[in-house]
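> Sequence and predicted structure below; questions after.
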Amino acid sequence: MNTILTLENITKTYGKITAVNQLSFTIEKGHVYGILGPNGSGKSTTLGIVLNVVNATSGSFKWFNGEENTHQALKKVGAIIERPNFYPYMTAYQNLALVCKIKNVSTSAIDDKLKLVGLLDRKNTKFSAFSLGMKQRLAIASALLNDPQILILDEPTNGLDPQGIHQIREIIKTIAKMGTTILLASHLLDEVEKVCDHVVILRKGQKLYAGPVHELTANHGYVELNAQNTQQLMEVLKANNLFERVIKQDEDEFITAFLSEPAKAEEINELLIEKGIILSHLVKRKESLEQQFLQLTSQKNT
Ligand SMILES: Nc1ncnc2c1ncn2[C@@H]1O[C@H](COP(=O)(O)OP(=O)(O)OP(=O)(O)O)[C@@H](O)[C@H]1O
């Protein structure tokens with residue numbers, strides 16, 4: 001089995017606040033997972049729980065199918081969940097050598113890891129002289145020193161400039177291509193879309209969606225329509241299997257009908273003419289991932 005991590009009904013409460021609510025999902029080897037959600041949706045708390053730094057109130061999780069205890073399993077996990085913190089007066093190399101000593105791994109891999117994050121030529125520069133982006137890249141090198149099976153990152157590009165953001169995303173993609181599973185938390189849809197192949201969407205600690213990113217985008221779009229007799233049009237649309245959801249709120253100018261399978265505007269028009277409906281408006285649209293994300297996160301008021 002290639003299961004790296006399984007969460008089952010994890011809940012974490014802080015007094016009256018439910019930070020994580022009955023959360024279940026599975027991480028399989030070889031994928032890049034994003035935990036996506038607005039600020040305060042429970043992403044960091046979830047990462048803290050699986051890394052054993054936060055105790056869950058209820059529910060369970062297991063690493064590597066529960067073959068080893070959590071303490072042993074976490075030796076195969078690389079994680080950066082806080083701002084990178086190294087000794088400022090020591091060089092990049094010296095800092096990593098110290099990490100090797102603490103993790104009890106050989107220093108022979110240091111240059112390779114520095115190369116991977118684009119810092120080999122800065123190995124003898126003191127940490128205090130590093131930019132935030134360089135510090136973050138050094139933290140990634142450090143987390144990779146023991147060749148973990150999974151790398152966990154909490155908001156890896158927070159606070160970086162566009163170039164720094166690009167560098168980090170490219171490094172994450174390279175690490176993933178080399179076979180390391182990645183789990184990253186982000187509030188940036190764009191980041192998850194660019195870097196991840198799977199996503200768990202959270203809102204107020206609750207899972208709204210878990211699955212491949214492409215399935216979230218693989219919808220057939222929707223049509224906006226109107227006719228003189230709106231009520232009749234609504235009824236015809238609702239009765240047809242071509243549409244999985246038909247919506248019109250009072251303030252809406254048009255009816256929105258979500259397609260359950262691909263269909264051209266001409267086909268829809270023809271179908272409605274057969275039912276005696278002359279459309280005054282027909283526009284076919286496709287929701288962007290952003291629209292879907294906003295729709296998902298604004299629904300389910302709990
Ligand atoms: N130690 C704590 N004590 C009390 N409440 C907490 C604590 N840690 C987190 N929370 C609360 O739990 C909820 C989830 O927080 P969490 O940090 O996990 O969210 P997040 O999605 O990572 O957001 P952000 O990106 O803003 O950190 C929030 O309402 C937060 O205020």
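All right, it came through fine. Numbering: from 1, shown residues only.

> Buried residues in the longest helix anywhere in the chain, which are they?
Secondary structure of the chain per DSSP state H: the longest helix is helix 162-177. By neighbour count, with 16 or more other Cβ atoms under 10 Å as the criterion, the buried positions of helix 162-177 are 164-165, 167-169, 171-172, 175-176. Glycine gets a C-beta too; all of them are placed from N, C-alpha and C.

> cool, and stretch 74-94?
Along stretch 74-94, these residues count as buried under the neighbour rule (16+ other Cβ under 10 Å): 74, 77-80, 84, 86, 91-94.

> now these as a markdown table including distance to Val246, pLDDT and secondary structure?
Below are these laid out as a markdown table (distance: Cβ to Cβ, whole Å; pLDDT from 0 to 100; DSSP: H, G, I helix; E, B strand; the rest coil):
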| residue | distance to Val246 | pLDDT | secondary structure |
| --- | --- | --- | --- |
| Leu74 | 49 | 91 | helix |
| Val77 | 46 | 94 | strand |
| Gly78 | 48 | 94 | strand |
| Ala79 | 46 | 93 | strand |
| Ile80 | 46 | 91 | strand |
| Pro84 | 51 | 75 | coil |
| Phe86 | 57 | 93 | coil |
| Thr91 | 64 | 97 | strand |
| Ala92 | 59 | 97 | helix |
| Tyr93 | 63 | 97 | helix |
| Gln94 | 64 | 97 | helix |
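
> Pick out the most distant pair among the residues you listed.
Leu74 and Thr91 (27.8 Å; Cβ to Cβ).

> what does the following helix or strand past the longest helix of the chain contact?
Next along the chain after helix 162-177, taking DSSP states H and E as the criterion, comes strand 181-186. With Cβ atoms under 8 Å, 6 or more residues apart in numbering as the test, strand 181-186 has contacts from 4-5, 27-36, 43-44, 46-47, 149-157, 172, 175-176, 191-192, 195-196.

> one more time with 6 Å
4, 29, 32-36, 43, 47, 150-156, 176, 192 (Cβ atoms under 6 Å, 6 or more residues apart in numbering).

> again, but for stretch 248-261
220-226, 237, 243-247, 281.

> Those into JSON lines, with extra columns for distance to the ligand, secondary structure and neighbour count?
As requested, these are arranged in JSON lines below (distance: Cβ to the nearest ligand atom, whole Å; DSSP: H, G, I helix; E, B strand; the rest coil; neighbours: other Cβ atoms under 10 Å):
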{"residue": "His220", "distance to the ligand": "31", "secondary structure": "coil", "neighbour count": "14"}
{"residue": "Gly221", "distance to the ligand": "30", "secondary structure": "coil", "neighbour count": "12"}
{"residue": "Tyr222", "distance to the ligand": "30", "secondary structure": "strand", "neighbour count": "21"}
{"residue": "Val223", "distance to the ligand": "35", "secondary structure": "strand", "neighbour count": "24"}
{"residue": "Glu224", "distance to the ligand": "34", "secondary structure": "strand", "neighbour count": "15"}
{"residue": "Leu225", "distance to the ligand": "38", "secondary structure": "strand", "neighbour count": "26"}
{"residue": "Asn226", "distance to the ligand": "40", "secondary structure": "strand", "neighbour count": "17"}
{"residue": "Leu237", "distance to the ligand": "38", "secondary structure": "helix", "neighbour count": "24"}
{"residue": "Phe243", "distance to the ligand": "35", "secondary structure": "strand", "neighbour count": "21"}
{"residue": "Glu244", "distance to the ligand": "30", "secondary structure": "strand", "neighbour count": "13"}
{"residue": "Arg245", "distance to the ligand": "29", "secondary structure": "strand", "neighbour count": "12"}
{"residue": "Val246", "distance to the ligand": "34", "secondary structure": "strand", "neighbour count": "20"}
{"residue": "Ile247", "distance to the ligand": "29", "secondary structure": "strand", "neighbour count": "13"}
{"residue": "His281", "distance to the ligand": "40", "secondary structure": "strand", "neighbour count": "12"}
